[in-house]
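K.L.:
model the structure of this input:
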Amino acid sequence: MNRQSFKRFRRRIRSAILCPVIRLSIVVCGVVPRQWSHLFFSSTGSLAYYLIGRDRRRTITHLTEAFGDKYPPREIRSMARQVFRNLGHSFADFMISQSITTKEQLGRLLSVEGAEYLDQAYRKGRGVVALTCHLSAFELAAVYCALHYRTFIVGARIDDPRMNDLLLKSRTRLGATNIYKGEANLKLFRALKQGALLGLLIDQDISVKSVFVDFFGRPASTPIGPALLAQRTGAACIAMAIRRTGSKLHMTITPEIPIDRTGDTEADLLTNTRRFSEITEAFIREAPTQWVWMHRRWRTKPEQATPSLPRN
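P.N.:
Model (predicted):
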């Protein structure tokens with residue numbers, strides 16, 4: 001068996017194990033007390049901290065680069081362990097959210113601050129670009145939007161078909177429409193022109209058109225898609241993020257974000273994307289151990305990038 005065949009075999013085995021486990025977790029988390037689910041999955045996260053050396057090292061390295069001037073190494077390691085525990089908490093809440101079908105059920109799990117800003121933006125009828133980030137149980141932001149508005153969710157396609165089907169069902173079960181990242185850009189513009197809400201994440205280094213803006217003091221390759229959509233369609237733009245405070249989940253929604261439309265497309269894309277990144281960083285700084293620090297956010301270096309901005 002060559003290396004590629006072994007990788008395919010390993011993916012099939014992983015899928016064969018994970019899919020039934022996730023389905024069982026959804027059922028169990030929907031009926032047992034929430035604190036039991038949190039205890040189990042946060043303990044699993046703690047175990048993963050010690051077992052998954054690559055992600056542990058990346059988490060410690062990235063936290064050190066972001067906060068090393070503020071916290072000593074011992075505190076950084078403690079934060080890293082908490083990152084893994086919080087991933088367990090977030091996974092539990094995501095499993096629990098799969099049983100939610102009404103606004104009232106969601107309200108018992110999630111409090112919302114700034115809902116009026118999103119209502120105002122949506123009522124303008126020009127569409128809403130809703131930015132969020134991989135903070136805490138971030139998938140619940142999509143649940144909130146789908147229960148209140150006509151919603152389109154932009155997300156990555158997972159290579160494993162069975163896992164992808166599970167995620168797709170999760171994203172669309174409450175009526176939201178899924179659009180795969182990097183595909184069918186016309187659908188994105190059409191959704192906004194129809195006045196819908198479009199949910200996007202921009203806090204990761206992914207293979208799409210991007211610019212470099214500051215993120216925790218370092219240049220980070222950041223997608224220009226949200227800024228381009230807002231500039232070209234006139235859609236309103238807001239940001240939202242979820243964080244956990246004790247056992248409670250709280251979502252903050254910002255007032256409408258100003259969008260530069262000076263006519264200089266490249267300059268506006270850079271300015272608006274930088275503004276979005278600053279808002280995202282501020283959210284993460286409020287709850288730093290609830291973000292995915294094992295992600296290689298600074299993987300792409302400025303010297304590796306090729307010009308990708310659209311021309312006027």
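K.L.:
excluding its backbone neighbours, what's nearest the spatially most central residue of the chain?
P.N.:
By C-alpha atoms, centre = their mean, the chain has its centre lying nearest to residue 134, at 3.2 Å. Distances taken as C-beta to C-beta, 6 or more residues apart in numbering place residue 292 nearest to residue 134, at 4.7 Å, with adjacent residues excluded. From N, CA and C alone the C-beta is placed, and that goes for glycine too.
K.L.:
ok, then the element right after the helix or strand harbouring residue 57?
P.N.:
Per DSSP states H and E: residue 57 is located in helix 53-67. With elements assigned by DSSP H and E, the helix or strand that comes after helix 53-67 is helix 73-97.
K.L.:
buried ones in that following helix?
P.N.:
76-77, 79-97 (16 or more other C-beta atoms under 10 Å).
K.L.:
quick check: angle from it to helix 53-67?
P.N.:
Counting by axes from the mean of the first three to the mean of the last three C-alpha atoms, to 10 degrees, helix 73-97 lies at 110 degrees to helix 53-67.
K.L.:
pLDDT on helix 73-97, on average?
P.N.:
Mean pLDDT, computed over helix 73-97, is 97.
K.L.:
how far does it sit from its chain's centre?
P.N.:
15 Å (C-alpha atoms, centre = their mean, to the nearest Å).
K.L.:
what's that helix packed up against?
P.N.:
In terms of contacts (3 or more C-beta pairs under 8 Å, 6 or more residues apart in numbering; DSSP states H and E), helix 73-97 is packed against helix 3-29, helix 34-51, helix 53-67, helix 103-109, helix 139-148, strand 236-245.
K.L.:
change it to 6 Å
P.N.:
For helix 73-97, the elements it packs on are helix 3-29, helix 34-51, helix 53-67, helix 139-148, judged by 3 or more C-beta pairs under 6 Å, 6 or more residues apart in numbering; DSSP states H and E.
K.L.:
output those as CSV; include the columns distance to residue 247, mean pLDDT and mean neighbour count.
P.N.:
Formatted as CSV, these follow (distance: least, C-beta to C-beta, whole Å; pLDDT from 0 to 100; neighbours: other C-beta atoms under 10 Å):
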stretch, distance to residue 247, mean pLDDT, mean neighbour count
helix 3-29, 15, 75, 13
helix 34-51, 7, 96, 16
helix 53-67, 24, 97, 18
helix 139-148, 15, 96, 22
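K.L.:
take those helices and lay them out in TSV including distance to residue 123.
P.N.:
Formatted as TSV, those follow (distance: least, C-beta to C-beta, whole Å):
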stretch	distance to residue 123
helix 3-29	34
helix 34-51	34
helix 53-67	38
helix 139-148	12
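K.L.:
thinking the residue nearest to residue 134 is in contact with residue 135, fair?
P.N.:
No - judged on C-beta atoms under 6 Å, residue 292 makes no contact with residue 135 at a distance of 8.4 Å.
K.L.:
the more surrounded of those two?
P.N.:
residue 135 (25 against 20; other C-beta atoms under 10 Å).
K.L.:
what bridges to residue 111?
P.N.:
residue 250 (DSSP bridges).
K.L.:
compute the number of surrounding residues for it.
P.N.:
14.
K.L.:
from residue 283, how far off is residue 250?
P.N.:
12 Å (C-beta to C-beta, to the nearest Å).
K.L.:
between the two, tell me which one has more neighbours.
P.N.:
Using other C-beta under 10 Å, the more surrounded residue of residue 250 and residue 283 is residue 283, with 23 against 16.
K.L.:
wasn't that one part of a helix?
P.N.:
Yes - counting by DSSP: H, G, I helix; E, B strand; the rest coil, one finds residue 283 located in a helix.
K.L.:
doesn't residue 250 make contact with residue 114?
P.N.:
No - using C-beta under 6 Å, residue 114 is not in contact with residue 250, being 10.6 Å away.
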